[in-house]
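Participant: Sequence and predicted structure are below.
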Amino acid sequence: MAGTDFEKAVESVGTLTKDPGNDTKLRLYALYKQATLGDADGRRPGFTNPVGRAKYDAWAKLTGTSREQAEADYVAEANRLTGA
């Protein structure tokens with residue numbers, strides 16, 4: 001997947017006017033992190049940080065997913081949300 005498609009998808013998600021819901025936002029977050037940084041690293045946030053923990057868990061589920069696949073999945077999800 002071309003980087004420009006991914007960049008356009010990231011931009012289009014940033015302009016959404018309707019909240020896609022927490023599950024979708026977590027999936028987009030995880031795909032973005034996997035596409036830009038690779039596998040999750042560092043320590044899992046503790047129970048006192050439930051948002052950080054949910055984000056980390058969503059990202060960690062994608063361990064082993066290639067950057068290219070994460071970009072493609074992000075673009076597909078963004079297209080679904082924007083109707084592109």
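Facilitator: Here it is on my side, so go on.

Participant: okay, CA-based contacts and neighbour counts for the rest of this
Facilitator: OK.

Participant: Does anything pack onto the helix or strand containing Val75? Which helices or strands?
Facilitator: Here Val75 sits within helix 67-82, counting by DSSP states H and E. Packing partners of helix 67-82 (3 or more Cα pairs under 8 Å, 6 or more residues apart in numbering; DSSP states H and E): helix 3-14, helix 22-37.

Participant: Compute the inter-axis angle for it and helix 3-14.
Facilitator: Between helix 67-82 and helix 3-14, the angle comes out at 40 degrees (axes from the mean of the first three to the mean of the last three Cα atoms, to 10 degrees).

Participant: List the buried residues for helix 67-82?
Facilitator: By neighbour count with 16 or more other Cα atoms under 10 Å, helix 67-82 contains the buried residues Arg67, Glu68, Ala70, Glu71, Ala72, Asp73, Tyr74, Val75, Glu77, Ala78, Leu81.
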